[in-house]
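>>> Curious how this folds, go ahead:
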Amino acid sequence: MCETWEYLYSILSYFSMFLVMILSVTRTIAIIEPFRKINTSSIYYMIAGYGAFLLVPNILLKIFFETTWYIKELGYCTSSSDHGRAYAVLQNLFLVIQVALPSVIIFLSFTMSVDRLLRRPTPQMGAWRIRQRVSVTISMFTALFLFWNLPFFTNMCLMLIIQAMPNGMYPEPFFTSMFMGSYSWVIGKVLFVVLNATCNPIL
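Numbering: from 1, shown residues only. Purely as a prediction, here's the structure:
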């Protein structure tokens, strides 16, 4: 049961990042080039393809290469693997694609959107004012996502740095304290993601 929920939670978390990235990028295009037509069918294909990309590698890797168990004191599932450095490199590649790359793209598109919105004069009436308000709202939504997901992104970057070291072995040197080793993952990957989902409808 722990493995099933761990797979489902990871896949849904990464898929939500991808959807936010699509939303942020398409809105940035609409802000910078308002007359460019976006092919919606290609976006649907990208979403379906990315969903398949998340399902197949995550399920195969976790079933055949990882051991998952539940930590009662933390109320959290964790996993590990004994398949050596080659598996760590492969896992790093998927983490970069699933977490790091979407986060960087979201940040860049958010920065470009805010820069263009600040330099654009505010329309006074009509459809252009409505589009401006929509763009501002989506930029705020993206900023909220970046804020709540920054701890998880930071943890993932630290993990990638550890695994890239010649003699790197988790939890050294970044996760040796009780907080970083035990609670930073729960807070970044579970608590803040839930808080992000809670704040979205309020926004």
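>>> residue contacts, Phe107?
Phe107 makes contacts with Leu146, as judged by Cβ atoms under 8 Å, 6 or more residues apart in numbering. (C-beta placed from N, C-alpha, C; glycine too.)
>>> What is the distance between stretch 152-166 and the centre of its chain?
Centroid displacement of stretch 152-166 relative to its chain, using Cα atoms, centre = their mean, to the nearest Å, is 15 Å.
>>> List the buried residues for that stretch?
By 16 or more other Cβ atoms under 10 Å, the buried positions in stretch 152-166 come out as Phe152, Phe153, Asn155, Met156, Cys157, Leu158, Met159, Leu160, Ile162, Gln163.
>>> Also stretch 8-27?
Going by 16+ other Cβ under 10 Å, stretch 8-27 has these buried residues: 10-11, 13-18, 20-25, 27.
>>> which pair in those residues spans the largest distance?
Using Cβ to Cβ, the two most remote members of the buried residues of stretch 8-27 are Ser10 and Arg27, lying 26.4 Å apart.
>>> show me what contacts Tyr14?
Taking Cβ under 8 Å, 6+ apart, we find Tyr14 in contact with Leu54, Asn58, Gln98, Val99, Pro102.
>>> do you know how far it is from Arg36?
Per Cβ to Cβ, to the nearest Å, Tyr14 is found 28 Å from Arg36.
>>> for Phe18, same thing?
Where Arg36 is concerned, Phe18 sits at a distance of 22 Å (Cβ to Cβ).
>>> In this structure Ser139 contacts Leu117, no?
Yes. The pair Ser139 and Leu117 qualifies as a contact (Cβ atoms under 8 Å) at a distance of 6.5 Å.
>>> Neighbour count for these two, which is higher?
Counted by other Cβ atoms under 10 Å, Ser139 and Leu117 do not tie: Ser139 has more neighbours, with 21 against 14.
>>> mind listing what the more buried one touches?
Contact partners of Ser139, counting by Cβ under 8 Å, 6+ apart, are Arg27, Phe110, Ser113, Val114, Leu117.
>>> What strand or helix carries the third one?
Okay, so that is Ser113. helix 101-119 (DSSP states H and E).
>>> in that helix, what's buried?
Pro102, Ser103, Ile105, Ile106, Phe107, Ser109, Phe110, Met112, Ser113, Val114.
>>> Can you tell me the closest non-neighbouring residue to the third one?
Among residues not flanking Ile105 along the chain, Met21 sits closest, at 5.3 Å (Cβ to Cβ, 6 or more residues apart in numbering).
>>> give the contact list for that neighbour.
Pro102, Ile105, Ile106, Ser109.
>>> helix or strand for it, which one?
Taking DSSP H and E as the criterion, Met21 maps to helix 2-32.
>>> How far off centre is the longest helix anywhere in the chain?
Taking DSSP state H as the criterion, the chain has its longest helix at helix 127-164. In terms of Cα atoms, centre = their mean, the centre of helix 127-164 is found 8 Å from the chain centre.
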